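Participant: Kindly generate the corresponding structure for this input.
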Amino acid sequence: MKIGFERSGGFAGMITSKEIDTTTLPNSESNQLRQLVETADFFQLPAKITARTPQPDRFEYQLTVEDNGKKHTVTVGEQAVPGKLKPLLDWLDGKS
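Facilitator: Reported below is the predicted structural model:
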């Protein structure tokens, strides 16, 4: 599984991005990441998730997951993150 992660916006408008390939991770991290993607039901999420009332200086996340011939990209505003997606975002955001 390959994951592209980008966080943009915020007060400073900085962009953070990373690419993660589960084949390069220790087995425990690889399994944890796969479980987070599955729990988020990632491939069933809409491509764009926005809040009803956007707020300035919030982060926006873009995730692209490729796995077993499937590829899906989701863009979500910080204030609109579904609860089931938050643990995956937190994991990716904390990964150096």
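Participant: For residue 80, which non-adjacent residue is spatially closest?
Facilitator: residue 51 (4.1 Å; C-beta to C-beta, 6 or more residues apart in numbering). Backbone N, C-alpha and C define where each C-beta goes, glycine included.
Participant: So residue 7 lies in a helix, does it not?
Facilitator: No. Counting by DSSP: H, G, I helix; E, B strand; the rest coil, one finds residue 7 to be strand, located in no helix.
Participant: residue contacts, the closest residue to it other than its chain neighbours?
Facilitator: Of all residues not flanking residue 7 in the chain, residue 16 sits nearest, at 4.7 Å (C-beta to C-beta, 6+ apart). By C-beta atoms under 8 Å, 6 or more residues apart in numbering, the contact set of residue 16 is 6-8, 93.
Participant: Could you export these as TSV, including neighbour count?
Facilitator: Formatted as TSV, these follow (neighbours: other C-beta atoms under 10 Å):
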residue	neighbour count
6	16
7	19
8	14
93	13
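Participant: ok, of the residues you listed, which one's closest to residue 21?
Facilitator: residue 6 (16.0 Å; C-beta to C-beta).
Participant: bridging residues for that closest one?
Facilitator: Note on residue 6: beta-bridge partners by DSSP bridges are residue 17, residue 62.
Participant: Confirm for me that it is in contact with residue 59.
Facilitator: No. With contacts counted by C-beta atoms under 8 Å, residue 6 stays clear of residue 59, the gap being 10.1 Å.
Participant: before we move on, the earlier item: just the local confidence number for the residue nearest to residue 7, please.
Facilitator: If you check residue 16, the pLDDT there is 87.
Participant: One more: the one 3 residues further on?
Facilitator: On pLDDT, residue 19 comes in at 96.
Participant: for residue 81, what are its contacts?
Facilitator: 49, 61, 89.
Participant: cool, and residue 45?
Facilitator: Counting by C-beta under 8 Å, 6+ apart, residue 45 makes contact with 72, 74, 82, 85.
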